[in-house]
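Visitor: predicted structure and sequence below. I'll ask about it afterward.
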Amino acid sequence: MTSSTSRASAPGGGSSSHPEHLGHVIFIAAAAAMGGFLFGYDSSVINGAVVAIRERFDVGSAALAQVIAAALIGCAFGAATAGRIADRIGRIRCMQIAALLFTASALGSALPFALWDLAMWRVIGGIGIGMASVIGPAYIAEVSPAAYRGRLASFQQAAIVIGIAVSQLVNWAILNLADGDQRGNIAGLEAWQWMLGVMVVPAALYGLMSFVIPESPRFLISVGRNDEARKVLTEVEGSKIDLDERVAEIEHAMRSEHKSTFKDLLGGRFGFLPIVWVGIGLSLFQQLVGINVIFYYSSSLWQSVGIDPSASFLYSFETSVVNIIGTVIAMIFVDRIGRKPLALIGSVGMSISLGLAAWAFSYKSGVGDDISLPHAQGIVALIAANCFVLFFALSWGVVVWVLLGEMFPGRIRAAALGVAAAAQWIANWVITVSFPTLSDWNLSGAYMIYTGFALLSIPFILKWVPETKGKALEEMG
């Protein structure tokens with residue numbers, strides 16, 4: 001599904017093709033990554049409304065977890081279908097559909113009349129998130145010069161973490177307007193409704209930005225619009241390139257491929273081809289270490305260690321700042337030291353951090369939402385959680401998105417990326433709905449499970465994950 005310059009790579013990630021308008025390329029990548037911002041915003045914004053939704057609809061932890069995770073079901077569907085939709089109608093049109101779904105979800109989620117209604121709108125928004133999660137990295141890979149592809153692809157994760165941080169700031173501001181009450185009245189609506197409804201603003205912005213960025217040259221050539229493709233290639237790769245040669249390269253790559261389908265992914269010893277299993281493994285490990293527990297339930301988690309509800313929002317925002325710092329570190333080093341070294345550093349750091357958190361939570365007292373920790377263990381839990389977020393952000397948070405956009409051979413890229421992304425959302429759903437039950441059973445045990453997955457990711461990286469640094473997309477496979 002993606003393509004890039006094949007002569008802009010070097011062992012060290014160097015490039016013989018330096019675009020004159022790198023700032024324009026950065027703008028294009030940032031606009032495409034707005035879908036990631038919406039993903040991060042939607043993932044975290046519900047955190048500020050958990051208590052209010054529980055009270056408004058009088059539901060227990062299990063039902064509430066299902067509503068929170070409902071978006072992830074839509075995400076899996078959106079991710080699985082986005083590649084085929086983008087190949088048929090274009091990358092930009094796919095983004096615009098996602099933006100419309102986001103907008104409808106924001107309005108519907110803010111004005112639900114029943115719990116199932118809220119869950120339905122979150123599923124609709126999830127379809128948009130899933131589509132954006134696939135099309136964003138794929139589009140960025142297609143328009144990025146090879147020497148900059150890793151850093152530009154990391155915009156997706158940067159947008160996600162910024163979306164998380166902004167949603168927490170917005171939630172905090174709305175909560176203050178409502179005098180600290182999630183169900184407080186603001187202009188005729190409860191505070192939590194404003195929290196969910198405000199997402200219409202970035203959703204509309206995403207849709208508008210999709211009208212000012214160019215279509216992928218790969219798609220333009222696939223539908224015979226070669227003159228438009230040449231113009232885009234000049235914008236993103238520079239005027240010094242041989243346009244006839246570049247177009248011929250892309251056409252040759254496309255002729256050697258065929259439209260990938262699910263059937264093309266089969267043929268390995270265990271069903272899927274080995275490289276597809278690697279992509280699925282990357283997606284699963286990224287979620288099974290428990291990263292989204294921090295963001296979906298962060299306010300509740302900090303309250304459990306003795307922090308009052310209003311301050312817990314500030315602690316959640318502080319965690320998001322750590323997340324942003326880690327993402328910036330990854331953006332700096334992903335094209336310098338490579339994907340695998342960063343992933344290994346992250347796995348080791350996450351294993352230690354999660355292990356410390358598990359130890360700290362073994363000292364908890366109380367049950368359900370009414371739990372507390374001794375002061376020393378509470379401090380360890382907070383430090384460990386922040387270290388976990390930092391190591392995740394500087395490694396798996398960015399590296400997985402980069403690898404999934406790069407590692408698959410062209411003939412199966414669209415279908416493989418869709419399957420891997422769908423696996424990621426399913427794993428995210430499993431973690432989200434299981435955490436309340438695991439927490440009630442044994443909070444320390446839950447963190448030990450996440451520690452185990454972090455440890456297992458180390459041999460997985462060493463044995464199966466390929467290094468894609470400095471390689472052109474045509475070289476993959």
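Guide: Here it is on my side, so go on. Residues are numbered from 1 along each chain as shown.
Visitor: I'd like to know which elements the helix or strand harbouring residue 92 is packed against.
Guide: Element membership for residue 92, per DSSP states H and E: helix 91-110. Counting contacts by 3 or more Cβ pairs under 8 Å, 6 or more residues apart in numbering; DSSP states H and E, helix 91-110 is packed against helix 34-45, helix 61-89, helix 115-143, helix 191-197, helix 200-209. C-beta: built from backbone N, CA, C; applies to glycine.
Visitor: which one of the ones you listed lies closest to residue 356?
Guide: With Cβ to Cβ as the criterion, residue 356 lies closest to helix 34-45 of these, at 23.8 Å.
Visitor: from the chain's centroid, how far away is that closest one?
Guide: Distance of helix 34-45 from its chain centroid, counting by Cα atoms, centre = their mean, to the nearest Å, is 8 Å.
Visitor: which neighbouring elements make contact with it?
Guide: Looks like helix 34-45 contacts helix 91-110, helix 115-143, helix 155-177, helix 200-209, helix 291-296 (3+ Cβ pairs under 8 Å, 6+ apart).
Visitor: what's the most buried one of those helices?
Guide: Among the helices and strands packed on helix 34-45, helix 115-143 has the highest mean neighbour count (mean count of other Cβ atoms under 10 Å), at a mean of 26.
Visitor: and the next helix or strand past it?
Guide: Next along from helix 115-143, by DSSP H and E: helix 149-153.
Visitor: pLDDT (mean, whole number) over that following helix?
Guide: In this model, helix 149-153 has a mean pLDDT of 78.
Visitor: with stretch 95-110 instead?
Guide: Stretch 95-110 comes out with an average pLDDT of 94.
Visitor: what's the offset of that stretch from the middle of its chain?
Guide: 17 Å.
Visitor: residue 222: how many residues sit nearby?
Guide: 17 (other Cβ atoms under 10 Å).
Visitor: got the phi and psi for it?
Guide: phi -70, psi -20 (degrees, to the nearest 10).
Visitor: for it, report the pLDDT, please.
Guide: pLDDT, residue 222: 82.
Visitor: against residue 236, how distant is it?
Guide: With the distance defined as Cβ to Cβ, to the nearest Å, residue 222 ends up 17 Å from residue 236.
Visitor: ok, now residue 79?
Guide: As judged by Cβ to Cβ, residue 79 and residue 236 stand 25 Å apart.
Visitor: so for these two, which residue has more residues nearby?
Guide: More crowded of residue 79 and residue 236, by other Cβ under 10 Å: residue 79, with 29 against 26.
Visitor: for the helix holding residue 92, output the C-alpha coordinates as CSV.
Guide: Listed next in CSV are the C-alpha coordinates belonging to helix 91-110 (Å, rounded to 0.1, in the frame of the first residue of the first chain):
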residue,chain,number,x,y,z
ARG,A,91,-5.9,8.1,1.2
ILE,A,92,-7.3,11.6,1.5
ARG,A,93,-10.9,10.5,1.1
CYS,A,94,-10.3,7.8,3.7
MET,A,95,-9.1,10.5,6.1
GLN,A,96,-12.2,12.6,5.4
ILE,A,97,-14.5,9.7,6.2
ALA,A,98,-12.6,9.1,9.5
ALA,A,99,-13.1,12.8,10.3
LEU,A,100,-16.8,12.6,9.7
LEU,A,101,-17.1,9.6,11.9
PHE,A,102,-15.1,11.4,14.7
THR,A,103,-17.4,14.4,14.4
ALA,A,104,-20.6,12.4,14.6
SER,A,105,-19.2,10.4,17.6
ALA,A,106,-18.2,13.6,19.5
LEU,A,107,-21.7,15.0,19.2
GLY,A,108,-23.5,11.7,19.9
SER,A,109,-21.4,10.9,22.9
ALA,A,110,-22.1,14.3,24.4
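Visitor: how far is that helix from where the chain is centred?
Guide: Taking mean C-alpha positions (Cα atoms, centre = their mean), helix 91-110 and its chain are 17 Å apart.
Visitor: quick one, that helix and helix 34-45 angle?
Guide: 20 degrees (axes from the mean of the first three to the mean of the last three Cα atoms, to 10 degrees).
Visitor: re the thing from before, would JSON lines of the helices and strands packed on helix 91-110 with mean pLDDT and distance to residue 105 be doable?
Guide: Shown next, in JSON lines, are those (pLDDT from 0 to 100; distance: least, Cβ to Cβ, whole Å):
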{"stretch": "helix 34-45", "mean pLDDT": "85", "distance to residue 105": "8"}
{"stretch": "helix 61-89", "mean pLDDT": "83", "distance to residue 105": "8"}
{"stretch": "helix 115-143", "mean pLDDT": "88", "distance to residue 105": "3"}
{"stretch": "helix 191-197", "mean pLDDT": "92", "distance to residue 105": "9"}
{"stretch": "helix 200-209", "mean pLDDT": "93", "distance to residue 105": "8"}
